[in-house]
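Participant: 3D, please:
(one chain, ligands or ions: 1)
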Amino acid sequence: MILDSALEFLKSPRTRLGPYNRCVPKTSPAQPLRPALFLDRDGVLNEDRGYVSRWEDFHWIAGARETVAAFNRAGWLVIVVTNQSGVGRGYYSEADVHALHARMAKDLADIGGRIDAFYHAPQHPDAPVEAYRHPDPPDRKPNPGMILRALSEWPIDREASLLVGDKPSDLEAALRAGVKSVLFTGGDLAQFLRIQALLPT
Ligand SMILES: [Mg+2]
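Facilitator: Numbering: from 1, shown residues only. Below you'll find the model as predicted:
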């Protein structure tokens, strides 16, 4: 009985498969937009000791990991946008940057935190490495390239998003990308955002 009705269903014209009727949708359903927390790295997530490239030199800022996890729980995307001219200057490689970010991700996972994407800008106008030399690198903050790229690559609600940086150049990049921003002035990051009613509860 069940088999008969199944056969009937398959034979009906509506379900017969033709060359233009594959079982794969032509377009994926639109993903709902989510707010994104854009984070500068050095001076916001970790202490800025100048050209940090090794895990041994990486020290989380108090409350940074908890901040990431809190925004994760609230359904935000968390995206790092970091100038890394140390690459262009020849101090370390992009592989070193990726390795450090992978180590950060592992450490975050231990407390249930997740950074959805890392964008880094390795270029610098004076880079001795020619591949990284650019008179005005579009990705290097205060230029908004990394943020604009993230906005095009992720389902982000731009107007609901926020950038946290520790330098005016971070805030200028956010402004030019149309994203609200706040200047982190030090201390405990989670506490800082909580006081300003910016930390999701
Ligand atoms: Mg910084």
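
Participant: Let me know the average pLDDT across the longest helix anywhere in the chain.
Facilitator: Using DSSP state H, we find that the single longest helix of the chain is helix 94-109. The pLDDT scores in helix 94-109 average 98.

Participant: next one: stretch 63-72
Facilitator: Average pLDDT, stretch 63-72: 98.

Participant: CA atoms only for that stretch, dumped as CSV, please.
Facilitator: The C-alpha coordinates for stretch 63-72 follow below in CSV (Å, rounded to 0.1, in the frame of the first residue of the first chain):
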residue,chain,number,x,y,z
GLY,A,63,37.9,39.8,30.2
ALA,A,64,38.7,39.4,26.5
ARG,A,65,37.8,35.8,26.2
GLU,A,66,34.7,36.2,28.3
THR,A,67,33.6,39.1,26.0
VAL,A,68,34.0,36.8,22.9
ALA,A,69,31.9,34.1,24.6
ALA,A,70,29.2,36.5,25.7
PHE,A,71,28.7,37.8,22.2
ASN,A,72,28.8,34.3,20.8
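
Participant: Give me the distance between it and the centre of its chain.
Facilitator: Centre-to-centre, stretch 63-72 and its host chain are 14 Å apart (C-alpha atoms, centre = their mean, to the nearest Å).

Participant: cool, stretch 47-61 as well?
Facilitator: Averaging C-alpha positions (C-alpha atoms, centre = their mean) puts stretch 47-61 19 Å from its chain's average.
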